[in-house]
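Student: okay, predicted coordinates and the sequence, questions at the end:
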Amino acid sequence: MDVAKITSKGQITIPADIRRKLSLKEGDKIIFIEQDGRCYFENAALVAIERMQKAFAGEAERVGLKNEDDVVRMVREIRRERWEKRAEPQNASNA
């Protein structure tokens, strides 16, 4: 168990071992969570990534992506479609 003292400005120093466990570095943001009458803090970036992963869970299977090759094919197709869309106004004005 680690203890930190609160300064007159409400600041604390997070002990080094806790910073390592949470992968916190200078300039990182933390998020405060109240749950069941207790308060916790976590690395805000890691919480955001976890939430995104949950939000996208199952989407790869839904669109038929089974492996990295499928993803590469999908990216190439989207790039081709966007390239063609950009070229449309030029092709129409040249006709």
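Tutor: Structure's in. What do you need?
Student: any idea how far residue 71 is from residue 82?
Tutor: For residue 82, the distance to residue 71 under the criterion CB to CB, to the nearest Å works out to 17 Å. Any C-beta I mention is one placed from the backbone N, CA and C, and that applies to glycine too.
Student: higher neighbour count, the two?
Tutor: Regarding residue 82 and residue 71, a neighbour count based on other CB atoms under 10 Å identifies residue 71 as having more, with 13 against 10.
Student: sec struct for that one, please.
Tutor: Counting by DSSP: H, G, I helix; E, B strand; the rest coil, the backbone at residue 71 sits in helix.
Student: surely it and residue 59 touch.
Tutor: No. With contacts counted by CB atoms under 8 Å, residue 71 stays clear of residue 59, the gap being 11.8 Å.
Student: what touches both of the two?
Tutor: Residues within reach of residue 71 and of residue 59 at once, by CB atoms under 8 Å, 6 or more residues apart in numbering: there are none.
Student: what's near enough to touch residue 2?
Tutor: With contacts defined as CB under 8 Å, 6+ apart, residue 2 is in contact with 15, 17, 18.
Student: what do you get if the cut-off is 6 Å, keeping everything else the same?
Tutor: With CB atoms under 6 Å, 6 or more residues apart in numbering as the criterion, the residues that contact residue 2 are 15, 18.
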